[in-house]
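> using only what follows, build the 3D model:
(chains A and B)
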Amino acid sequence: MPENGIKRNINIFRPIPGAMTDEVKVIVLLLLAYLFAVVGSQMGIWFLEESLHGFWLTDLFFFNLPIHFWISGQFIPLLFIILCLLFNLWMDRHEIRRMEGTIRFRATGRKKGEVP
Amino acid sequence: MSGNGVQFIPVIIVAGMFLLFIVSGLSTKMRQVSDYGFAGSYGGRITNGAAIASNWMSAASILGLAGLFYLKGYYAMAYVVGWTGGYVLLLVLMATQIRRFGKFTAPDFVGFRYESNAARTLVALISITISIIYCMAQFRGIALLVSWLFGMSYREAVFTGTALLVAFVVVSGTIGVIRNQRLQYFVLINAFVLPLMFINWKLGYFWLLPQFGYGKAIITLQEEFGFFWSEPFASISLFQWLALCFSLMFGTAGLPHVLSRFYLAPSMRDARWGVVWGLFFISLIYWSAPAYGVLARLFDARAGNPFKVPDTATADIVTLTAATQAGLPVWLIGLLVAGGMAASFYAAAGLLQSGAAAFAYDIYPRFVSSNATESEKVNVAKGAFLVLASVVMLLTLNQVGLIAEIAAVAFALAGNTIFPAFVLGIWWSRTNAAGVMAGMLTGLFITVAPLLLGDLFPIVKIIFPLTSSAFIGAPLVMLVMILISLATRPPSDEIVSFLISDVHDSGGK
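Numbers count the residues shown, from 1 in each chain, chains lettered A, B, ... in the order given. Take a look at the predicted model:
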């Protein structure tokens, strides 16, 4: 385990340089978008309710639904699906890149990135 | 609800649907070997997604959510966002890593990761408790539907429903029926959405996409009956809404039977893509559920009672009431009941079986018979299944709350205990057995705190509401895990090395 005298650990706040760092960056970005969607939307709806005695929520309709029903009941689940889709597409590309690097390393006998 | 006599056509449809599942399950068993040949294909991922969705569907989704919309309006949106959002957490934080661990149950995972039989036993006990609470919601759903089908009282229906469930599991187990989850999802989504399309069509709304069409009912309620849905936070605070929503998210990502889906995926890519398809299939149900609640409210309004506040049993069966009040053909109502029965039956059976397995494989060999053979454990599991079913049946006799609220307590427990144990177990290698034990015990205490201390210290009920305690509870439990882990001996080099080289994408370093 110790490498150059330094013991390695798994810590999401201090990812191992390389592939894990990229993965953690994507996870953090997605979770921020996710948090913003959930908390931000509800704070927005709460603000609309407080302002003008709920005028916006009574009169603003989208796709046949009151705006807060549409945002929470339809849009946020759809956004979750899109976030999952983006994560998977990134992970697929990330895995392919890593596999290509491994194959090149095996084929040439050189380390990844090493100039011939 | 009771006293209308036996509903013959719906009973025949329900029986026919279970027969279809049994026949299909037997043919699935014969095809199983060839099915594995397609593992990892595009079709495999959709199938895996349908299996995730079918595994997820329960009385809470099919019956409970609509009831909550009917009774509490916008508050129920926290369930829609919480239950779907939990899958995002599962995907980005846990799905791939759990698949890499290669352990088949939550106790297996915790026992291996934390190198502790005590932690493994604690998770087994928590899993059993979660199964019991979650099963109470399913049994309540089954009882309400049986009560309507056979025209009997709630208590009689609880006994009858339990007997039917146990008989179904015994027959399925004896003849070796494999669960065809793809077919189940197909039947469930049709049973739920087709009646809704018919109701929208009968009312003259946009029936092709009833998930949007029911908006007209909201406008009608507002303009003709003065029933407004425009004050979402009038009866609850923003904190209460967010607490419930995040508690359900953490719980979703911590439910043992949800987590176990990822151990079973043929590959890591299948595990990941299965979540996307699963989330899409689950969302189809949740985009539709509010419609039943709103339409039931419209029928009440047309009957001259727009502000009716019914009892919990009436609210929980509002999906069925809306279909009946709309005057749908009896076969369509039968289909809806069959969907509800299938969701409740399979959820209850799965939960009881996982609870029984946790007892037979994690608790019995440790405390009763350390040399138990495989066949002895199987027999113990069968006995534990019957005991758990009886316990749940007795607990369900008292109507303690709405289906969705009972389910939410199970989610809060999972979110306070198993979710932090998995997240830290995967993402912080320093977490050790002492930390996870202390954390999970704290989580248990937090979950029951509103019941134990709520009357003495009302603040406890505000910070840790019974159905939403994981919002503050889960971060607090993680903090306890971190502090205790830092104060005690670190985990072994072997497990840290396993996390680095086998679980995380560290380039094999």
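
> pLDDT score for the residue lying closest to residue A:60 once chain neighbours are set aside?
Sequence neighbours aside, residue A:67 is the residue nearest to residue A:60 in space, at 4.3 Å (criterion: C-beta to C-beta, 6 or more residues apart in numbering or on different chains). Using the backbone N, CA and C atoms, a C-beta is placed for each residue, glycine as well. pLDDT, residue A:67: 87.

> closest point of chain B to chain A, which residue?
Going by C-beta to the nearest C-beta, chain A is nearest to residue B:215 of chain B, at 3.1 Å.

> that residue reaches residue A:65, doesn't it?
Yes. Using C-beta atoms under 8 Å, residue B:215 is in contact with residue A:65, at 4.2 Å.

> out of these two, which sits in the busier spot?
For residue B:215 versus residue A:65, the count of surrounding residues by other C-beta atoms under 10 Å in any protein chain shown is larger for residue A:65: 26 against 21.

> backbone dihedrals for that one, both of them.
When read as degrees, to the nearest 10, the backbone of residue A:65 gives phi -110, psi 150.

> enumerate every residue touching it.
Counting by C-beta atoms under 8 Å, 6 or more residues apart in numbering or on different chains, residue A:65 makes contact with A:73-74, B:212, B:215, B:218.

> okay, and which of these map to helices?
Mapping the contacts of residue A:65 onto helices (DSSP state H) picks out B:212, B:215, B:218.

> shaky segments in chain B?
Along chain B, the model assigns pLDDT under 70 to residues B:1-4, B:28-43, B:176-177, B:230, B:263-264, B:506-509.

> without its sequence neighbours, what residue ends up closest to the closest residue to chain B within chain A?
Closest residue of chain A to chain B, C-beta to the nearest C-beta: residue A:64 (3.1 Å). Nearest residue to residue A:64 in three dimensions, chain neighbours excluded: residue B:215, at 3.1 Å (C-beta to C-beta, 6+ apart).

> export stretch B:406-415 to PDB, keeping only CA atoms.
Provided in PDB are the C-alpha atoms of stretch B:406-415 (Å, rounded to 0.1, in the frame of the first residue of the first chain):
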ATOM      1  CA  ILE B 406     -46.000   4.700   6.800                       C
ATOM      2  CA  ALA B 407     -43.600   4.000   3.900                       C
ATOM      3  CA  ALA B 408     -41.900   7.400   4.600                       C
ATOM      4  CA  VAL B 409     -40.900   6.200   8.100                       C
ATOM      5  CA  ALA B 410     -39.200   3.200   6.600                       C
ATOM      6  CA  PHE B 411     -37.300   5.500   4.200                       C
ATOM      7  CA  ALA B 412     -36.300   7.800   7.100                       C
ATOM      8  CA  LEU B 413     -34.800   4.800   8.900                       C
ATOM      9  CA  ALA B 414     -32.900   3.600   5.800                       C
ATOM     10  CA  GLY B 415     -31.700   7.200   5.200                       C
END
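
> how about residues contacting that stretch?
So stretch B:406-415 is contacted by B:58-60, B:64, B:79, B:82, B:126, B:129-130, B:133-134, B:136-137, B:140, B:244, B:247-256, B:400, B:443-444, B:447, B:466-470, B:473-474 (C-beta under 8 Å, 6+ apart).

> buried ones among the residues you listed?
Listed as buried from these are B:58-60, B:64, B:79, B:82, B:126, B:129-130, B:133-134, B:136-137, B:140, B:244, B:247-256, B:443-444, B:447, B:466-470, B:473-474; burial here means 16 or more other C-beta atoms under 10 Å in any protein chain shown.

> got a list of contacts for the helix or strand of chain A with the lowest mean pLDDT?
Using mean pLDDT, DSSP states H and E, the weakest-scoring helix or strand in chain A turns out to be helix A:55-59, at a mean of 70. The contact list for helix A:55-59 (C-beta under 8 Å, 6+ apart) reads A:45, A:48-49, A:66-68, B:222, B:228, B:230-232.

> now do the buried residues in the helix ranked longest in chain A.
If each helix of chain A is counted by residues according to DSSP H, the longest one is helix A:76-108. By neighbour count on 16+ other C-beta under 10 Å, the buried set for helix A:76-108 is A:76-77, A:79-81, A:83-84, A:87-88, A:90-91, A:95, A:98.
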